[in-house]
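Q: coordinates only, sequence not included:
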Ligand SMILES: Cc1cc2nc3c(=O)[nH]c(=O)nc-3n(C[C@H](O)[C@H](O)[C@H](O)COP(=O)(O)OP(=O)(O)OC[C@H]3O[C@@H](n4cnc5c(N)ncnc54)[C@H](O)[C@@H]3O)c2cc1C
């Protein structure tokens with residue numbers, strides 16, 4: 001099979017590449033290879049089974065058209081300061097300009113006009129004052145909230161647009177490997193998920209955008225073919241859940257509080273991420289059965305709780321420099337303690353040095369929204385340094401949001417963000433292998449829907 005452009009992965013990075021090429025009038029032939037299904041055929045069976053059944057051959061939450069975006073909370077961060085390090089590669093001005101451009105595309109496809117988190121009123125001033133006192137930085141970030149159910153509709157409209165305009169999407173095909181010969185990428189080798197077909201797609205340009213789940217695969221591929229890359233950061237943390245009453249002021253004023261701190265004694269970067277007012281804590285499963293916690297919220301269906309993650313950045317240099325492997329070991333250990341399920345523990349129990357028992361969860365004001373999480377002891381698997389960072393950060397956030405460090409506050413584990421393996425590229429997204437470009441979360445340069453979309457837009461323009 002021959003094409004001009006082959007894109008591996010139909011997440012925001014991959015689909016915005018194709019979308020921008022069409023919008024710029026390109027007549028080049030574009031093929032997208034996607035391991036999962038079309039957006040309308042993606043189904044997480046959990047609403048029927050009530051618990052994660054670890055779908056094989058892949059998890060429908062993270063795999064399929066629109067990638068991890070379809071079932072995500074759909075929060076589009078509209079500031080270049082949030083969503084990854086892409087601005088370091090392309091410049092802050094271009095990043096911000098392209099965010100505004102990509103945001104207009106989301107609006108065209110049906111995103112809500114309302115922008116959250118831009119209040120500059122007394123409530124925000126008070127939150128910032130408290131943050132300063134607590135030694136935390138409050139990052140300003142306007143947010144457009146699509147909501148999980150609306151995000152699916154928006155991505156469905158984009159999928160239809162791509163198909164109607166001649167983009168070929170090969171669903172349920174997995175890229176086994178890029179075809180790299182003498183320093184040049186000639187295309188990709190793919191196979192159907194059920195093993196019924198295998199083929200090569202030859203292309204002048206190959207764009208790899210396999211997302212967080214594909215980061216590990218891409219790292220191995222880079223090692224094998226000498227694609228230049230550097231180990232970067234991995235984030236390890238917990239998902240925190242409290243009652244809405246606790247977060248009310250922040251939820252109303254900002255929707256999402258982006259707080260960053262460097263707590264003593266280690267002074268590592270610790271931050272809040274992905275806040276979901278009235279949201280649900282969720283589970284996602286990686287191909288190797290690793291179960292990790294996440295969170296999202298619907299536009300209409302609301303719970304009594306707010307969840308957000310607290311993440312600690314981990315960097316390694318010498319003699320060990322495999323952050324993904326490190327984070328996975330922590331995840332596996334935590335999964336082992338929960339018999340494959342997500343562990344949940346009350347903050348008060350962590351401070352008192354005891355595990356949480358299932359029946360104790362019913363004694364609190366808060367009820368876990370992740371129903372199949374199992375009560376236990378997350379400290380038995382969390383490294384000392386990370387745990388201390390999390391505890392001290394929660395205590396600091398308590399000064400901004402009184403009640404955040406309450407005994408009943410729930411901590412779910414493991415929350416892992418694999419951004420590792422930063423691919424070395426120039427500002428035009430050229431790797432050292434001719435014709436090979438790496439985008440989105442798997443490239444290590446982005447960490448969110450908007451920044452991944454921005455990288456796609458810019459890639460699309462270069463390819464035109
Ligand atoms: C539950 C959840 C909630 C989230 N909430 C938010 C949020 O509110 N706001 C935000 O900004 N971000 C959020 N995120 C993160 C966001 O979804 C990602 O940052 C974003 O989707 C990254 O885009 P991407 O295109 O780089 O990769 P992805 O969206 O991960 O897409 C990669 C695609 O590649 C496919 N793929 C992987 N390997 C192969 C292969 N070998 N062959 C073929 N196809 C392959 C996958 O199936 C997938 O569809 C959330 C993530 C999750 C899981």
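A: Alright, I've got the coordinates. A quick note: this is a predicted structure, and the numbers were derived from the prediction, not measured. Numbers count the residues shown, from 1 in each chain.

Q: okay, now whichever residue of the stretch 151-300 of the chain sits closest to the ligand: neighbour count?
A: Taking Cβ to the nearest ligand atom, the ligand has its nearest neighbour within the stretch 151-300 of the chain at residue 211, 2.0 Å off. The C-beta positions use only the backbone N, C-alpha and C, and glycine is treated the same way. Residues near residue 211, counting by other Cβ atoms under 10 Å, number 27.

Q: who's in contact with it?
A: 9, 11, 13, 62, 67, 68, 440, 441, 442 (Cβ atoms under 8 Å, 6 or more residues apart in numbering).

Q: give me that answer again for 10 Å
A: Neighbour list for residue 211: 9-14, 35, 62-63, 67-69, 218, 418, 439-443, 446, 452 [criterion: Cβ atoms under 10 Å, 6 or more residues apart in numbering].

Q: the ligand next: which of those residues are close?
A: Counting by Cβ under 6 Å from any ligand atom, 9-14, 35, 62-63, 67-69, 440-442, 446, 452 from the contacts of residue 211 sit close to the ligand.

Q: what ranges do the strands span in the stretch 201-350 of the chain?
A: Under the criterion DSSP state E, counting those that start in this stretch, the stretch 201-350 of the chain contains strands at 229-230, 234-243, 258-261, 270-276, 280-285, 291-296, 305-314, 343-346.

Q: in its sheet, what does the shortest one sit against?
A: The reference is to strand 229-230. Counting by DSSP bridges, the strands paired with strand 229-230 are strand 422-423 (antiparallel).

Q: check the offset of the helix or strand that the strand it pairs with is followed by from the chain's centre.
A: Later in the chain than strand 422-423, the nearest helix or strand by DSSP states H and E is strand 436-438. Between the centre of strand 436-438 and the centre of its chain there are 20 Å (Cα atoms, centre = their mean, to the nearest Å).

Q: might you enumerate the residues of the stretch 151-300 of the chain proximal to the ligand?
A: 174-175, 209-214, 217, 274, 282, 284, 294, 296.

Q: got it, and the stretch 351-464 of the chain?
A: Checking the stretch 351-464 of the chain against the ligand by Cβ under 6 Å from any ligand atom, the hits are 440, 441, 442, 446, 447, 448, 449, 450, 452.

Q: turn the strands of the stretch 201-350 of the chain into JSON lines, columns for mean pLDDT and mean neighbour count.
A: Compiled in JSON lines, the strands of the stretch 201-350 of the chain are given as follows (pLDDT from 0 to 100; neighbours: other Cβ atoms under 10 Å):
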{"stretch": "strand 229-230", "mean pLDDT": "90", "mean neighbour count": "17"}
{"stretch": "strand 234-243", "mean pLDDT": "96", "mean neighbour count": "26"}
{"stretch": "strand 258-261", "mean pLDDT": "95", "mean neighbour count": "21"}
{"stretch": "strand 270-276", "mean pLDDT": "94", "mean neighbour count": "25"}
{"stretch": "strand 280-285", "mean pLDDT": "92", "mean neighbour count": "23"}
{"stretch": "strand 291-296", "mean pLDDT": "94", "mean neighbour count": "24"}
{"stretch": "strand 305-314", "mean pLDDT": "96", "mean neighbour count": "24"}
{"stretch": "strand 343-346", "mean pLDDT": "98", "mean neighbour count": "26"}
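
Q: contact partners for whichever residue of the stretch 351-464 of the chain sits closest to the ligand?
A: Residue nearest to the ligand within the stretch 351-464 of the chain: residue 440 (2.2 Å; Cβ to the nearest ligand atom). Taking Cβ under 10 Å, 6+ apart, we find residue 440 in contact with 9, 11-14, 16-17, 67-68, 84, 86, 207-212, 214-215, 446-449, 451-456, 459.

Q: 6 Å instead?
A: Neighbouring residues of residue 440 by Cβ atoms under 6 Å, 6 or more residues apart in numbering: 11, 13, 209, 446, 452, 455.

Q: and the residue lying closest to it once chain neighbours are set aside, helix, strand or coil?
A: Spatial nearest neighbour of residue 440, excluding adjacent residues (Cβ to Cβ, 6 or more residues apart in numbering): residue 13 at 2.9 Å. At residue 13 the chain is in helix, as set by DSSP: H, G, I helix; E, B strand; the rest coil.

Q: which ones are touching residue 13?
A: Contacts of residue 13 (Cβ under 6 Å, 6+ apart): 209, 439, 440, 452, 455, 456.

Q: counting neighbours, which of the residues you listed comes out on top?
A: residue 440 leads the contacts of residue 13 on contacts (other Cβ under 10 Å) with 37 neighbours.

Q: for that residue, give me phi and psi.
A: Here is the backbone geometry of residue 440 (degrees, to the nearest 10): phi 70, psi -160.

Q: quick check: residue 39 vs the ligand, distance?
A: Distance, residue 39 to the ligand, using Cβ to the nearest ligand atom, to the nearest Å: 10 Å.

Q: and residue 2, how many residues sit next to it?
A: By the criterion of other Cβ under 10 Å, residue 2 has 12 neighbours.

Q: who's in contact with it?
A: Residue 2 touches residue 202, counting by Cβ under 6 Å, 6+ apart.

Q: any idea how far it lies from residue 199?
A: 11 Å (Cβ to Cβ, to the nearest Å).
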